Each structure stands twice: as structure tokens, then as C-alpha cells.
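Engineer: Return a 3D structure for these sequence lines:
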Amino acid sequence: MILSRYLPKHVTDVPTVADVLQALDSELEKLELELDKIEKESTINTASDIGLSLLESQFGLVSNLTDLDERRERVKAKLRGTGTTTHQMIKEMALAFSCGDIDIEFTPSDYLVTIKYISQMGVPTNEEVFKNAIRDIIPAHLAVAYEYTYVTWKMIEDETWKNIETLTWSELSQWGG
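Structural biologist: Reported below is the predicted structural model:
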């Protein structure tokens, strides 16, 4: 019994008091479980569909995704994407969306921001969601271009067929060696 620890023994020995304490303990345990659920739903990394829906509505995000991880990444990006857009903010957003390291080039004369994926080969899995988040934070008068890194024949010329024969063309184009 939880509550009985806070009362003197001569009080907890009374049968009626012991019954009331037991009933209260049971309700306290239920309350603790509900509080744990609320905490999990309030935390981005552990929220289920219900908690993510609440977080998305707080940030004005329309949920059209079914994958919980992608939805979490969008909420995190929205948290990071407030204030003046900087190189660092865009890099942090790329990391939040599992896009890896990126280079950012700003060409003022062309009103262009170029984002180049440098640590990830091929198109990142969450790229569309990332692009939407970038569009939300980049000023409207700027265009955004994306550059990708793929494996070239030169990069794999020293590999043996045995090392790469089980890869598909898609896997090979994103292969890191």
C-alpha cells in the first residue's frame, strides 16, 4: 500500500482505514498510469496518432501522412523553423528529417537557395515532407533547388562483382561502399 507508508501503524491497523487506503491506492495506481499516457502523448518522440494530432493542430499542420515517424519529423521541423531563416536552421531541419548533412548555397542575384545532399546518396526517404517544411521557412521570393549525390561508375570501379552483385540498380545508385 502506497498511502499506508505515510500514516502511523496504529491508524493503518484499523480494518476500515485499511480498506479505504487499499481502495485509494488502487485509484492512485490508475491515475499514475493515465499520467504516464498523457506524458507520452505530450512528447513528440513517444506520441501516438492522438498526441501527434494535437501537436499538429497546435502548429497549424494539416495531417495527410500516415507514418508516425514522418509526422514527428514535421512537428520537430516546425518547432525548429520559427524565427529568421538561417543556414543553421535549414541544416538542423535536414537532420530532423533524416536527410543527413547538406550544403546550402545562396545566390542572391538569382533569388535562389540550392540545397545539396552530401552525406546521403540518392533521394532521401522523407524528401517530400522535407521540401514542404523548407518551403514553409524559406522566404516566398526565393526559389529552392535540390541537388543529389549518386554513386558513379568511377566510385565503384575498384569493387568486385562479388561485393555488389546482390544490389539492385536503385540500391547501387545509393550505395556507400
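
Engineer: neighbours around D19, how many?
Structural biologist: If you count neighbours by other Cβ atoms under 10 Å, D19 ends up with 10. C-betas here are computed from N, CA, C, even on glycine.

Engineer: what bits of the protein have low per-residue confidence?
Structural biologist: Low-confidence segments of the chain, defined by pLDDT under 70: 1, 80-83, 172-177.

Engineer: Looking at it, which strand is longest?
Structural biologist: Using DSSP state E to define each element, the chain has its longest strand at strand 112-121.

Engineer: residue nearest the centroid of the chain?
Structural biologist: E73 (3.0 Å; Cα atoms, centre = their mean).

Engineer: name the helices or strands packed onto the helix or strand where that one lies?
Structural biologist: Per DSSP states H and E: E73 is located in helix 68-80. Secondary-structure packing of helix 68-80 (3 or more Cβ pairs under 8 Å, 6 or more residues apart in numbering; DSSP states H and E): helix 49-58, helix 87-96, helix 127-137.

Engineer: Dump those helices to TSV, plus distance to E105.
Structural biologist: Listed next are the helices and strands packed on helix 68-80 as TSV, based on distance: least, Cβ to Cβ, whole Å:
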stretch	distance to E105
helix 49-58	32
helix 87-96	10
helix 127-137	14
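
Engineer: pull the longest helix from the protein.
Structural biologist: The longest helix of the chain (DSSP state H) is helix 15-42.

Engineer: Now do the buried residues in that helix.
Structural biologist: Neighbour counts over helix 15-42 (16 or more other Cβ atoms under 10 Å) mark 21, 41 as buried.

Engineer: what about the nearest residue to P124 once chain neighbours are set aside, how many neighbours?
Structural biologist: Spatial nearest neighbour of P124, chain neighbours left out: C99 (4.3 Å); criterion: Cβ to Cβ, 6 or more residues apart in numbering. C99 has 25 neighbouring residues, counting by other Cβ under 10 Å.

Engineer: which strands and helices sit next to the longest helix of the chain?
Structural biologist: Using 3+ Cβ pairs under 8 Å, 6+ apart: helix 15-42 touches helix 9-12, helix 49-58.

Engineer: hmm, 6 Å instead?
Structural biologist: Helices and strands touching helix 15-42, by 3 or more Cβ pairs under 6 Å, 6 or more residues apart in numbering; DSSP states H and E: there are none.
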